[in-house]
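Q: can you look at this prediction? I've put the sequence above it.
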Amino acid sequence: MTNGQKETEDQIFEAATKVFQEKGYAGARMQEIADEAEINKSMLHYYFRSKEKLFRQVLQKQIGKIFPTLFNVLSSENPLDEKVREMIEVYYSYLKDNPSLPQFVVMEMNNHPDEFRKFLQEEGISPPQGFIKQIQVHAVKGEITPIDPRQFIISIVGLILFPFLAQTMIKTVFNLDEAGYMQFLKERKDFLADFILNAIKFEAP
């Protein structure tokens, strides 16, 4: 593949990501993607023969930006409180520039569960056992409230993602414009770590 072809493919992929995030798989049209990429539809089909093939690659790439990051942080040797703060920092740093990503990924994972399952299997992604053991050890020592590690992971992810999934509701209920919403996200990032650690009564060993 020449540099020019690679640039065109990247241009198509960026355009497809934007259209799929806005319209979802069912609502997106190949002509819209071609228009967004500023190419003709024939060239789009030359690079990606079908909407399904293009969508699969877009979805897998977007899923790959969320789950591996989470599990890499959980697999580290860092103390529990540092992991919580790092997870929040990493997610908010990325999602504030990609606020539509969680809605797209969650909706399309529900619509295409086989694709999601296949991606996790191919990438070998699963909840890290070291983190599960870390939670269990803290609980045995009385340093946190006993908690199912699965519940802890889902609670953290839910608290991080909800403001992005429900951004329209939050803007409406609290009468926020875009600038106000971004300020709300900044304040929430600063608030979350202590809230989560206090909820499990974390005490540093």
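A: Yep, that arrived.
Q: C-alpha only now, for contacts and for neighbours.
A: Will do.
Q: what helix or strand does the most centrally placed residue in the chain sit in?
A: By Cα atoms, centre = their mean, the chain has its centre lying nearest to I66, at 3.5 Å. Taking DSSP states H and E as the criterion, I66 maps to helix 51-75.
Q: per-residue confidence averaged over that helix?
A: In this model, helix 51-75 has an average pLDDT of 81.
Q: buried sites along the very next helix or strand once past it?
A: Counting by DSSP H and E, the next helix or strand C-terminal to helix 51-75 is helix 80-95. Buried positions in helix 80-95, judged by neighbour count with 16 or more other Cα atoms under 10 Å: 80, 83-89, 91-92, 95.
Q: which one in these is the model shakiest on?
A: Least confident entry in these, by pLDDT: L95, with 80.
Q: would you mind putting the buried residues of helix 80-95 into JSON lines with distance to L59 alongside?
A: Output for the buried residues of helix 80-95, formatted as JSON lines (distance: Cα to Cα, whole Å):
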{"residue": "L80", "distance to L59": "31"}
{"residue": "K83", "distance to L59": "27"}
{"residue": "V84", "distance to L59": "26"}
{"residue": "R85", "distance to L59": "27"}
{"residue": "E86", "distance to L59": "25"}
{"residue": "M87", "distance to L59": "22"}
{"residue": "I88", "distance to L59": "23"}
{"residue": "E89", "distance to L59": "23"}
{"residue": "Y91", "distance to L59": "18"}
{"residue": "Y92", "distance to L59": "20"}
{"residue": "L95", "distance to L59": "16"}
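Q: F152: which of these is nearest?
A: Distance to F152, by Cα to Cα, is smallest for V84 among the buried residues of helix 80-95, at 10.4 Å.
Q: give me the element the closest residue to the closest one other than its chain neighbours is part of.
A: The shortest distance from V84 to any non-neighbouring residue, by Cα to Cα, 6 or more residues apart in numbering, is to A193 (6.3 Å). Assigned by DSSP H and E, A193 falls within helix 178-199.
Q: tell me the secondary structure at K201.
A: Classification of K201 using DSSP: H, G, I helix; E, B strand; the rest coil returns coil.
Q: phi, psi for the residue lying closest to it once chain neighbours are set aside please.
A: Spatial nearest neighbour of K201, excluding adjacent residues (Cα to Cα, 6+ apart): I144 at 5.2 Å. Torsion angles at I144 (phi, psi; degrees, to the nearest 10) stand at phi -140, psi 160.
Q: residue contacts, F116?
A: 60, 63, 109 (Cα atoms under 8 Å, 6 or more residues apart in numbering).
Q: neighbour-wise, which of these leads?
A: When neighbours are taken as other Cα atoms under 10 Å, the top entry among the contacts of F116 is I63 (22 neighbours).
Q: quote the end-to-end distance of stretch 72-84.
A: Stretch 72-84 has an end-to-end distance of 12 Å (criterion: Cα to Cα, to the nearest Å).
Q: okay, Q136: pLDDT?
A: Reported pLDDT at Q136 in the predicted model: 92.
Q: low-confidence ranges in this protein?
A: Flagging of the chain using pLDDT under 70 yields the residue ranges 1, 3-4.
Q: now D97, what's its secondary structure?
A: D97 is classified as coil under three-state DSSP.
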